[in-house]
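Student: got a predicted structure here, sequence first:
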Protein chains: 2
Amino acid sequence: MTGFVGVNDAARWVATTGVEAIVPGMVEYLEHDFRRWEQFDKMPRVASHTPLGCMELMPTADTELYGFKYVNGHPSNPARGFNTVVAFGMLADVSNGYPIFMSEMTLLTAIRTSSTSAMAAKALARKDSRVHGMVGAGSQSEFQALAMRAVLGLNEIVVYDIDPDAIAKFVRNLRPLGFEITVAADAAEAAAAGDVVTTCTADKRRNVILRDGDVRPGTHVNTIGGDTPGKTELDPALLDRGPVFVEFPPQTRVEGEIQAKPADFPVTELWKVIDGRVPGRTSDDQITIFDSVGFAIEDFAALRYLRDATLGTPYVTDIDLVAEPDDPKDLFGLLGALSPVG
Amino acid sequence: MTGFVGVNDAARWVATTGVEAIVPGMVEYLEHDFRRWEQFDKMPRVASHTPLGCMELMPTADTELYGFKYVNGHPSNPARGFNTVVAFGMLADVSNGYPIFMSEMTLLTAIRTSSTSAMAAKALARKDSRVHGMVGAGSQSEFQALAMRAVLGLNEIVVYDIDPDAIAKFVRNLRPLGFEITVAADAAEAAAAGDVVTTCTADKRRNVILRDGDVRPGTHVNTIGGDTPGKTELDPALLDRGPVFVEFPPQTRVEGEIQAKPADFPVTELWKVIDGRVPGRTSDDQITIFDSVGFAIEDFAALRYLRDATLGTPYVTDIDLVAEPDDPKDLFGLLGALSPVG
């Protein structure tokens, strides 16, 4: 049987365990997989684009496990009462191809994305970072806030969103958890206040969320929302002010902030920093930029973590995905005796 | 909620309904989707190859539904007590990206493959065909036999396999269903006897299952097992004797029998025959060849059929794959109230 974690079980697991207790473990799994980046079979995601949104499959594999995520992206969904993003994923045993674990990944992706941001910030932000400037208070924002506090200790947040309801929701969700939250008058004020600045916006039409002058020297910029062709968040001039770190350059050059730059725009692969092969931040005055678009290896690490963390708990159940006839050459035998025809 | 049909429920549905009662309906769905072939978003399958086997994702979409299948292929699995192939698939609503149906597809693929063969034979075989020559009595063989009887009325089978146990299993499974079965001394004898000849073998090392001279004029050849690079079943000379019909040429030229031929080897797309745009068989002396490798649109049709056929039956249950927060922008709200930190 294949282990399965559904939405309600995942939500109960996260609520019971706490996002901040989950993130450090997930960062460990991410760091483990980033350090062995070269061992993965890295395939491009396969996308089906339609007028209302896209549907994607993101596969990857190491020598023991194969994993993929199905994920959609429909910007018009919230206006119709649906989530923008729904996702699920699977791990299979490479030795026989059998699915061994499946999970919802809407919640899990929110945690893997924020954990990846925290992993990058841990490697790139100034050690004395204290304030988290946030532009965008949507679905991903609380997870970003919790991950940055769990890993970097950032308890102070200055937040801005064009939607006052989103800010109200953000404050309502996070103030009870002990965060010191200030609401900024605009994106520039949130950016100027942050030692770490996260942009996670969904609107495709506002493609300069941060202007070059908004960001102080020494800031680490964590840009999440520029993740598809035609959708960016940063003033391209800002990308010239500091080293830009990316996940998988062939994908980021198409989907990330650097799509606004020439194909030879210099970037550093984040896995090389995590593995200690190349330096991250080299001075306290530097602006460091993590141009995050999300990559299959992160989902792979997240699924591995969830599988290990839920093993033997009531949050994982069995799903009947694998046919197991007594004789593998006798699939028909599974059906039992059929009646003879007249 | 997303509808789900697991292995046991699929087996109960097939056993209760009967393969021969299912195939004609599935052929209708296949024909419907083959006739609108041009409307589909046709993507290449994404494969991860390892020393022991491969794992693949096969997506496709029309304007209303997106579907994909996960399927592995591990030739060494049966020797270790596992199935060669395990598969599952999903349909999503293109308008919002939500998964609406998921199913095991090990059994379903066996029926879709044999239904596709039957659809092709219905269009290409001589109308007076009576005998089904079969080479290969493995997992797929009973489904081929039943589909050809359901659609073409072929009750007489002459079968050969290099493995006597496989033949014994084939006879044990099918004789009670009223088939007249003769066991041939070799592949040539089975081929010579058939009006329709099916090759469905798994062994990668025997790549000439049918020699050119084995096949009589007027035969329809349904070759199933040559479906991956380096794996073929027919003497390449046999391919010159009649028109060759394929699913999706870019895929078949890599995976099918015609991989043994130059890139400009003439083929006819089966969907054009099904749609009546080009002729199939043009004389009773012709050899027609369906070089089948399996294509995503067939899985799409099979999933649509299963979803419609099981709607409202106990064979379909709910699977908890879609997060539905009250406010789509408040994914964090799903978690309920977390305790404040000390």
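Tutor: Happy to help now that I have it.

Student: which residues of chain A score low on pLDDT?
Tutor: A:203-206, A:337-342 (pLDDT under 70).

Student: and it, what are its domains?
Tutor: Annotated domains of chain A cover A:2-107+A:297-322, A:126-294 [automatic domain parsing].

Student: which helix of chain A spans the most residues?
Tutor: Secondary structure of chain A per DSSP state H: the longest helix is helix A:106-124.

Student: just checking, what packs against that one?
Tutor: Using 3 or more Cβ pairs under 8 Å, 6 or more residues apart in numbering or on different chains; DSSP states H and E, the elements in contact with helix A:106-124 are helix A:7-17, helix A:19-35, strand A:87-93, helix A:141-152, strand A:220-223, helix A:270-274, strand A:288-291, helix A:296-310. C-beta here means a position set from N, CA and C on the backbone, and glycine is covered the same way.

Student: mind putting the domains of chain A into CSV with mean neighbour count and distance to residue A:336?
Tutor: Listed next are those as CSV, based on neighbours: other Cβ atoms under 10 Å in any protein chain shown; distance: least, Cβ to Cβ, whole Å:
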stretch, mean neighbour count, distance to residue A:336
domain A:2-107+A:297-322, 20, 16
domain A:126-294, 20, 45
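
Student: among those domains, which comes closest to residue B:106?
Tutor: Checking the domains of chain A against residue B:106 by Cβ to Cβ gives domain A:2-107+A:297-322 as the closest, at 7.6 Å.

Student: the closest one: end-to-end distance?
Tutor: Using Cα to Cα, to the nearest Å, one end of domain A:2-107+A:297-322 lies 7 Å from the other.

Student: cool, and stretch A:63-78?
Tutor: 39 Å.

Student: that's a strand at residue A:132, yeah?
Tutor: Yes. Under DSSP: H, G, I helix; E, B strand; the rest coil, residue A:132 sits within a strand.

Student: just checking, it touches residue A:191?
Tutor: No. Shown here, residue A:132 and residue A:191 do not form a contact pair, counting by Cβ atoms under 8 Å, at 11.1 Å.

Student: tell me, what residue is most central in chain A?
Tutor: Taking Cα atoms, centre = their mean, the centroid of chain A lies closest to residue A:113, which sits 2.0 Å from it.

Student: how about the one residue in the stretch 201-342 of chain A that gets nearest to chain B, nearest residue that isn't a chain neighbour?
Tutor: Of all residues in the stretch 201-342 of chain A, residue A:320 sits closest to chain B, at 3.0 Å by Cβ to the nearest Cβ. Spatial nearest neighbour of residue A:320, chain neighbours left out: residue B:6 (3.0 Å); criterion: Cβ to Cβ, 6 or more residues apart in numbering or on different chains.

Student: in this structure the one you found contacts residue A:321, no?
Tutor: Yes. Shown here, residue B:6 and residue A:321 form a contact pair, counting by Cβ under 8 Å, at 6.8 Å.

Student: mutual contacts of those two, please.
Tutor: Common contact partners of residue B:6 and residue A:321 (Cβ atoms under 8 Å, 6 or more residues apart in numbering or on different chains): residue B:104.

Student: the residue of the stretch 201-342 of chain A closest to chain B: what's it in contact with?
Tutor: Applying Cβ under 8 Å, 6+ apart to residue A:320 gives the contacts A:1-2, B:6-9, B:104.

Student: show me which of those is closest to residue B:37.
Tutor: The closest of the contacts of residue A:320 to residue B:37 turns out to be residue B:104 (Cβ to Cβ; 26.2 Å).

Student: from chain A, how far off is the closest one?
Tutor: Using Cβ to the nearest Cβ, to the nearest Å, we find residue B:104 at a distance of 6 Å from chain A.

Student: can you give me phi and psi for that residue?
Tutor: phi -60, psi 150 (degrees, to the nearest 10).

Student: who's in contact with it?
Tutor: Residue B:104 touches A:320-323, B:5-7, B:10, B:87-88, counting by Cβ under 8 Å, 6+ apart.

Student: quick one, what contacts the closest residue in space to it that isn't next to it in sequence?
Tutor: Nearest residue to residue B:104 in three dimensions, chain neighbours excluded: residue B:7, at 4.5 Å (Cβ to Cβ, 6+ apart). By Cβ under 8 Å, 6+ apart, residue B:7 lies in contact with A:320-324, A:334, B:104, B:106-107.

Student: redo that, cut-off 6 Å
Tutor: For residue B:7, the contacting residues are A:320, A:323, B:104, by Cβ atoms under 6 Å, 6 or more residues apart in numbering or on different chains.

Student: how long is stretch A:89-98 end to end?
Tutor: 14 Å.

Student: circling back: now the residue of the stretch 201-342 of chain A closest to chain B: how far from residue B:293?
Tutor: 28 Å (Cβ to Cβ, to the nearest Å).

Student: now residue A:211
Tutor: For residue A:211 relative to residue B:293 (Cβ to Cβ), the value is 53 Å.

Student: swap in residue A:88?
Tutor: Counting by Cβ to Cβ - residue A:88 and residue B:293 are separated by 28 Å.

Student: what do you get for residue A:310?
Tutor: Taking Cβ to Cβ, one finds residue A:310 at 38 Å from residue B:293.

Student: which single one of the contacts of residue A:320 is nearest to residue A:246?
Tutor: Nearest to residue A:246 among the contacts of residue A:320, counting by Cβ to Cβ, is residue A:2 at 33.6 Å.

Student: before we move on, back to that, so which of the helices and strands packed on helix A:106-124 comes closest to residue B:315?
Tutor: strand A:87-93 (21.3 Å).

Student: and the closest one, what does it pack onto?
Tutor: strand A:65-73, strand A:99-104, helix A:296-310 (3 or more Cβ pairs under 6 Å, 6 or more residues apart in numbering or on different chains; DSSP states H and E).

Student: and the longest one with chain B, contact?
Tutor: No. On the criterion Cβ under 6 Å from any Cβ of the partner chain, helix A:296-310 is out of touch with chain B, staying 10.8 Å away.

Student: wait, residue A:92 sits on residue A:102?
Tutor: No. At 9.6 Å, residue A:92 and residue A:102 do not qualify as touching, with contact defined as Cβ atoms under 6 Å.
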